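Visitor: coordinates only, sequence not included:
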């Protein structure tokens, strides 16, 4: 049985002076302040959100 891959998303930058789309995407990912992290299942939808805010997040694979 294979389990879904997980990724850890860490916010590295502030949403101040970012576009509204980036601010809403950060909230949708469950982040909100620099250095906050969440673990999400690696899906195309989550990867798309990461692409929108790639300049203020760091992504790592989790076992």
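Guide: All right, it came through fine. Quantities reported herein were computed from a predicted structural model and do not represent experimental measurements.
Visitor: And the strands in this protein?
Guide: Using DSSP state E, the strands found in the chain span residues 6-11, 37-41, 57-62.
Visitor: Please work out which of the ones you listed is packed deepest.
Guide: strand 6-11 (a mean of 17; mean count of other Cβ atoms under 10 Å). The C-beta positions use only the backbone N, C-alpha and C, and glycine is treated the same way.
Visitor: Between strand 37-41 and it, find me the angle.
Guide: Using axes from the mean of the first three to the mean of the last three Cα atoms, to 10 degrees, the direction of strand 6-11 lies 150 degrees away from that of strand 37-41.
Visitor: Contacts for strand 6-11, please.
Guide: Contact partners of strand 6-11, identified using Cβ atoms under 8 Å, 6 or more residues apart in numbering, comprise 26, 29, 31-42, 46, 50, 56-63.
Visitor: In terms of pLDDT, where does the spatially most central residue of the chain sit?
Guide: With distances taken as Cα atoms, centre = their mean, the chain has residue 9 as the residue nearest its mean C-alpha position (4.5 Å). As predicted, residue 9 sits at a pLDDT of 98.
Visitor: May I have the beta-bridge partners of it?
Guide: In this entry, residue 9 is beta-bridged to residue 38, residue 59, by DSSP bridges.
Visitor: Now for residue 61: which residues touch it?
Guide: Contacts for residue 61 (Cβ under 8 Å, 6+ apart) come out as 5-8, 42.
Visitor: ditto for residue 29
Guide: Contacts of residue 29 (Cβ under 8 Å, 6+ apart): 9, 38, 40, 46, 49-50, 53, 57.
Visitor: Next one: residue 61 from residue 6, what distance?
Guide: To residue 6, residue 61 is 7 Å away according to Cβ to Cβ, to the nearest Å.
Visitor: Distance from the chain centre to stretch 4-16, please.
Guide: Using Cα atoms, centre = their mean, to the nearest Å, the mean C-alpha position of stretch 4-16 is found 3 Å from that of the whole chain.
Visitor: how far does that stretch stretch from start to finish?
Guide: 33 Å (Cα to Cα, to the nearest Å).
Visitor: give me every residue that touches residue 41.
Guide: Taking Cβ under 8 Å, 6+ apart, one finds 4-7 in contact with residue 41.
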